[in-house]
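Chemist: heads up, no residue letters with this:
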């Protein structure tokens, strides 16, 4: 498993993972993502997505839509992404 990104992100609202990390997901590839501190995760531009409060890693398979991370308040989150 190759680590693609580990870092602290500080932002408000919704931003694409590509915008925040300079990582472009490849459609059909599986990624392991870990988020420390509460954060919303959604595919595409609509809805709130899922609130991630558990720091355990989860698997994400890239599709046609961009993956967004969101925070309602300016808050730092720690993100780890591996392929």
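Modeler: Now that the structure is in, tell me what you want to look at. None of the values given here were measured: they were computed from a predicted structure.

Chemist: could you pull out the strands for this structure?
Modeler: With DSSP state E applied, the chain shows strands at 3-16, 30-36, 39-43, 50-52, 58-61, 67-82, listed in chain order.

Chemist: Same list (these) but as CSV, adding mean pLDDT and mean neighbour count.
Modeler: C-beta here means a position set from N, CA and C on the backbone, and glycine is covered the same way. Output for those, formatted as CSV (pLDDT from 0 to 100; neighbours: other CB atoms under 10 Å):
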stretch, mean pLDDT, mean neighbour count
strand 3-16, 96, 14
strand 30-36, 97, 17
strand 39-43, 96, 18
strand 50-52, 95, 14
strand 58-61, 97, 12
strand 67-82, 93, 16
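
Chemist: mind giving me TSV with the ones you listed and columns for distance to residue 23?
Modeler: Formatted as TSV, the strands of the chain follow (distance: least, CB to CB, whole Å):
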stretch	distance to residue 23
strand 3-16	5
strand 30-36	9
strand 39-43	14
strand 50-52	17
strand 58-61	12
strand 67-82	6
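
Chemist: of those strands, which approaches residue 22 most closely?
Modeler: Closest to residue 22 of the strands of the chain, according to CB to CB: strand 3-16, at 8.0 Å.

Chemist: relative orientation of the closest one and strand 39-43 in degrees?
Modeler: For strand 3-16 against strand 39-43, the angle by axes from the mean of the first three to the mean of the last three CA atoms, to 10 degrees is 80 degrees.

Chemist: and residue 78, what does it touch?
Modeler: The contact partners of residue 78, taken as CB atoms under 8 Å, 6 or more residues apart in numbering, are 6, 7, 8, 9, 35, 36, 37.

Chemist: Same check on residue 32?
Modeler: In this structure, residue 32 makes contact with 1, 57, 58, 59, 60, 80, 81, 82, 83, judged by CB under 8 Å, 6+ apart.

Chemist: Same check on residue 2?
Modeler: 82, 83.

Chemist: try residue 5
Modeler: The neighbourhood of residue 5, defined by CB under 8 Å, 6+ apart, consists of 21, 22, 23, 79, 80, 81.

Chemist: ok, now how distant is residue 53 from residue 28?
Modeler: Spatial separation of residue 53 from residue 28 under the definition CB to CB, to the nearest Å is 28 Å.
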